[in-house]
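Colleague: using only what follows, build the 3D model:
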Amino acid sequence: MAGSPALLLLLALGLCCPGIHGQKDDMKVRFRDRSITHPKLGQQLELECETTNTGSGVFWVRQNKDGTLHFIVFISSLSRATFKGKKPSTHFEARKDHNIYHLVVKSFTPADEGNYFCLMNANQELYFSRGQPAFFP
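Modeller: Modelled structure (predicted):
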């Protein structure tokens, strides 16, 4: 995974070790289509991260089955998306709409399975949402 080693360390500590992270109760991650319980192969899947703090921007991260973290995108408070490698993504779309940060997986594959989190750095503290599982049945 390309990216900042410091960010990777913070994410790893935050997701593995109680007391190291802050749980932001006002950050909610869910499927946009509330009727979805499991994604389907090839389906477009949209996730939402709703928060009351819209001034910090949000990171989207996926944790796969073996616990490895994968940075997907950072969406700034001005709705600018920066993907892994700082290149546009052909597999994901990201945007901000008021207080909701959207992540779209254009065609869901087995490689996309995992728990999806949104993270926020606010007032020099790292907060993350509860994970939204996205696995095939």
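
Colleague: now do the contacts for residue 73.
Modeller: 59-60, 81-84, 89, 92, 94, 103 (Cβ atoms under 8 Å, 6 or more residues apart in numbering). All C-beta spots, glycine's among them, are computed from the backbone N, C-alpha and C.

Colleague: after the biggest strand by length in the chain, which helix or strand is next?
Modeller: Assignment by DSSP state E gives strand 114-122 as the longest strand of the chain. Following strand 114-122 in sequence order, the next helix or strand is strand 125-128 (DSSP states H and E).

Colleague: wait, residue 33 touches residue 46, no?
Modeller: Yes - contact criterion Cβ atoms under 8 Å: residue 33 and residue 46 qualify, at 7.0 Å.

Colleague: what about those two, which has more around it?
Modeller: residue 46 (15 against 11; other Cβ atoms under 10 Å).
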